[in-house]
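Sequence plus the predicted model coming up.
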2 protein chains.
Amino acid sequence: MSQDNGLISIESGLSVTSNPLRCFITGCAGFVGSNLTDRLLQAGHFVCGYDNFSTGREQFLEHAQQSEKFRLIRGDVLDTLRLTDAMRDSDVVFHFAANADVRFGLQHPGKDLEQNTVATFNVLEAMRHNGVRQIVFSSTGSIYGEPTIFPTPEDAPFPVQTSLYGASKLAGEGLIQAYCEGFDFQSYIFRFVSLLGERYTHGHIVDFYAQLRAHPEYLDVLGNGHQRKSYLYVQDCIDAIFSALAHENAQAKVNIFNLGTDQVCKVNDSIGWIVEHLGLHPTIHYSGGERGWIGDNPFIFLDCRKMRNLGWQPKLTISEGIKRTLAYLDANSWVMQRQ
Amino acid sequence: MSQDNGLISIESGLSVTSNPLRCFITGCAGFVGSNLTDRLLQAGHFVCGYDNFSTGREQFLEHAQQSEKFRLIRGDVLDTLRLTDAMRDSDVVFHFAANADVRFGLQHPGKDLEQNTVATFNVLEAMRHNGVRQIVFSSTGSIYGEPTIFPTPEDAPFPVQTSLYGASKLAGEGLIQAYCEGFDFQSYIFRFVSLLGERYTHGHIVDFYAQLRAHPEYLDVLGNGHQRKSYLYVQDCIDAIFSALAHENAQAKVNIFNLGTDQVCKVNDSIGWIVEHLGLHPTIHYSGGERGWIGDNPFIFLDCRKMRNLGWQPKLTISEGIKRTLAYLDANSWVMQRQ
């Protein structure tokens, strides 16, 4: 079986209380969802996890399955009846199910709309039906498109979308906000940079790592390597979510926070760390161009002062986060196998 | 039959050329769509109109039906096969079909998502299938939510949505923008204030007018009457669309324009003009509160300098637009009958 070592002990802002929350998590078997599940259980809360296992992994729930406070329901967020039924008696919904396949959006243009926008609508309707009014939503820095201001704040100039993924998450945010106004919901919307850490299964880092495991002598890189990216360690991300939920200064109807570090790195920097970690000297082939693919954002750097002002700060730098991720991949090469 | 007098002669920026366009208009039988249809035909273009007549009116197409350059296809934008088939051999798509029922969004939360967001996706997919790459989209000032800057420019701070209608149009914009980036489309997105003029069938003005026709002695008003609104005369709106499409400085991949006048009026002002027009002295009952309903925007005032810088300006003031509308309603009371 796996050597999944996702459960990291970090102090939590959403601590055990005399009145633990009944949390409903869509995408509970995914990279972020499963880490969140573990952390909520660790903090003493009840978790009902919902996942269709299209990209989620059984192994990511091994820790959770050992808890009496965890219940898993296999289901699709597009199955409205099942979803509504599963959500009964919940206090708060963490909507983390998503199609996070940013790069291949153009190959199946309806997928983001269905799995991110319509799915979010289904979650909101299931909440309304069950009288659940608090939602935590995993949005993305991609909704800023190609911003004109760096670092990019939450109230940046009204952006133009450059990817179907960003557009679908923007639509999800809009729906949530309209439900807050119209149905008296409360929402926490987090716009993430790319996350990494334990259970990270797709994106630049795992792609480069997997390539170099398969052919140590060369590496194919999309773009010119100069794209500037931001990464955040998944446990730092969850710390931020817990801090915001518990903070007296984050109790508005709609609470929107960027989440990232105050650093960026170039794609070439991350290649350097991976190559060093593996002790290799590969030839690097660049496909060229500013963007790795259509809709790739050549520069992502979010202004996270709003979240920092609540007292949160990330514990790991980008390079530390990448190294932690590489150590995880060393011990869990199975995550790189397609299911 | 009707005395529809919608066809107003105004010089057009999108003039007759040696190579007339084959225009596809969704919502061709609606308020704006039918006026646009007439204007495009008048300018010498071919129009294929698509409408399901859920809110569109047969009578609005009486002028168009007399033209050999007009073809009507009855169909729903959710019927993807019919839509795709109907769009064949078009040069440009004017996507004006929408659920414009802002006020009652909360009574049927899926309607905006389906008829505005999913419908826009269907239109984009039909375009992709047919190799049509230019789209003109009727968006709305409602997507600014409750802005912090007045007049509100196109690049206002990233807004928070306050209505399902606004959210659904924002999602439509995002999809269109992503198609421009990913599939090399070109788009013209117009964010309208409330439009009025010939064939205006719903909103404050027609509601007040219809009430006073039914019971001249009193008027029920939602809110406190102090909401500040902006209105634009529909022919001025179409002038702007034609101007932008033809202008050398509006040929970007994504072209976004606010459309309104540089005035606002209070709900009480419009009541005054209507009462004066009808020669009545009704008692006015206010429901009270800043907003007429949940999601109603107490202050809409768009910064339209971007469009004005292309040489366009509205020909009618708000009060002139309202008076023109009242004259139309006098002569066409049938539009106030529910179908």
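Now that the structure is in, tell me what you want to look at.

Show me the helices in the stretch 201-339 of chain A, by range?
With helices called from DSSP state H, counting those that start in this stretch, the stretch 201-339 of chain A shows them at A:204-214, A:234-246, A:267-278, A:305-308, A:318-331.

Minimum distance to A:V93: which of these has it?
Closest of the helices of the stretch 201-339 of chain A to A:V93 is helix A:234-246, at 12.3 Å (criterion: Cβ to Cβ). C-beta: built from backbone N, CA, C; applies to glycine.

Can you say which of the helices of the stretch 201-339 of chain A is nearest to chain B?
The minimum distance between chain B and those falls on helix A:305-308, with 12.5 Å, by Cβ to the nearest Cβ.

Show me which residues of the stretch 101-250 of chain A are close to chain B?
A:105-106, A:109-110, A:113, A:117-118, A:121, A:124-125, A:128, A:145, A:154-164, A:166-168, A:170-171, A:173-175, A:177-179, A:181-183 (Cβ under 8 Å from any Cβ of the partner chain).

Surely A:H247 touches A:L310?
Yes: taking contacts as Cβ atoms under 8 Å, A:H247 lies within contact range of A:L310: 4.8 Å.

residues near the residue lying closest to A:E320 once chain neighbours are set aside, how many?
Using Cβ to Cβ, 6 or more residues apart in numbering or on different chains and skipping residues adjacent in sequence, the residue nearest A:E320 is A:Y233, 7.4 Å away. The tally of other residues near A:Y233 (other Cβ atoms under 10 Å in any protein chain shown) stands at 26.

and A:Y233, what does it touch?
Going by Cβ atoms under 8 Å, 6 or more residues apart in numbering or on different chains, A:Y233 touches A:L195, A:L196, A:G197, A:P314, A:K315, A:L316, A:E320, A:G321, A:R324.

what's the helix-or-strand element of chain A with minimal mean pLDDT packed up against?
Every helix and strand in chain A was compared by mean pLDDT, DSSP states H and E; the lowest is strand A:228-229, with a mean of 88. Strand A:228-229 makes packing contacts with strand A:265-266 when contacts are defined by 3 or more Cβ pairs under 8 Å, 6 or more residues apart in numbering or on different chains; DSSP states H and E.

Check which helices and strands the strand it packs on sits against.
strand A:228-229.

Give me the distance from the strand it packs on to the chain's centre.
17 Å (Cα atoms, centre = their mean, to the nearest Å).

what does that strand rub up against?
A:V193, A:S194, A:H204, A:V264, A:C265, A:K266, A:V267, A:S270, A:P298, A:F299, A:I300, A:F301.

what residue ranges in the stretch 1-150 of chain A score low on pLDDT?
Applying pLDDT under 70 to the stretch 1-150 of chain A picks out residues A:1-18.

What residue in it comes nearest to chain B?
Closest approach between the stretch 1-150 of chain A and chain B, counting by Cβ to the nearest Cβ: A:L106, at 4.6 Å.

What subset of the contacts of strand A:228-229 is buried?
Neighbour counting over these (16 or more other Cβ atoms under 10 Å in any protein chain shown) leaves A:V193, A:S194, A:H204, A:V264, A:C265, A:V267, A:S270, A:P298, A:I300, A:F301 as the buried ones.
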